[in-house]
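Engineer: no sequence on this one, just coordinates:
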């Protein structure tokens, strides 16, 4: 299996910081990567994005019709599974280290994402699989510390995730290197559009809701804590006008 992770929002906690810091993790079977790549190439062609340039949500997918098109194309990729990890900064305890240390904040979020990717591999339909993981490269960030954090989690062996399913060492890639990273950027953008208020006080959740069937779920059909892991205030999700009555 192949997994690609991108982030949305910043890790700051000051007055000008984003409300959320989140990660989106795209998972596909290796045999289905060609379909994912074809979808990204097709989207870029429709939008007139040069082949050598990566598809960026914030640069190339600014309008509703483009976002609708991207969501529709990606929702048709066979077997693709999404995992989201979402932090609402107002819900982070004031004594928590991630409030003052952006490296700690990133690594903790990435660790939660890694666990979900490993669980996706463990319970992959048909059989358990190994997974190769790639994160988006963050400029100026020491990713060696992230790898150290992953090693500690693996050595501790706590929780249900089987770290033995991780194939090799996670990589930190530039967006332009492959279609998987560009797809992760699109799913992160859909999440951001749904959860962050626009200048007129509204939310654009249609795109996230259209890829809702791709979000990883429990055997009973719930995404909460599975493919939609949230650390938010108690009323945050239910306060959205678009939030489904039975949860996402």
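Structural biologist: Yes, it's here. Note that the structure is predicted; figures quoted are calculated from it, not measured.

Engineer: so residue 10 makes contact with residue 18?
Structural biologist: Yes. Look at residue 10 against residue 18 with C-beta atoms under 8 Å: they come within range, at 5.0 Å. C-beta coordinates here come from the backbone N, C-alpha and C atoms, glycine included.

Engineer: elements contacting the helix ranked longest in the chain?
Structural biologist: When the chain is parsed with DSSP state H, its longest helix is helix 102-122. Helix 102-122 is packed against strand 2-8, strand 20-28, strand 81-88, strand 132-136, helix 143-156, with contacts defined by 3 or more C-beta pairs under 8 Å, 6 or more residues apart in numbering; DSSP states H and E.

Engineer: could you redo the last one with a cut-off of 6 Å?
Structural biologist: In terms of contacts (3 or more C-beta pairs under 6 Å, 6 or more residues apart in numbering; DSSP states H and E), helix 102-122 is packed against strand 20-28, strand 81-88, helix 143-156.

Engineer: how about low-confidence regions in this protein?
Structural biologist: Under the criterion pLDDT under 70, the flagged ranges of the chain are 177.

Engineer: straight-line length of stretch 156-176, end to end?
Structural biologist: Distance across stretch 156-176, first residue to last, is 35 Å (C-alpha to C-alpha, to the nearest Å).

Engineer: stretch 237-244 now?
Structural biologist: Termini of stretch 237-244 sit 9 Å apart (C-alpha to C-alpha).

Engineer: stretch 213-226 now?
Structural biologist: Span of stretch 213-226 from end to end, C-alpha to C-alpha: 13 Å.

Engineer: again, but for stretch 5-19
Structural biologist: OK, stretch 5-19 end separation, C-alpha to C-alpha: 20 Å.

Engineer: now what about that stretch, what contacts it?
Structural biologist: Contacts to stretch 5-19, defined as C-beta atoms under 6 Å, 6 or more residues apart in numbering, come from residues 20-25, 89, 99, 102, 105-106, 113, 135-136, 184-185, 188, 192.

Engineer: before I go, just wanted to say thanks for your time.
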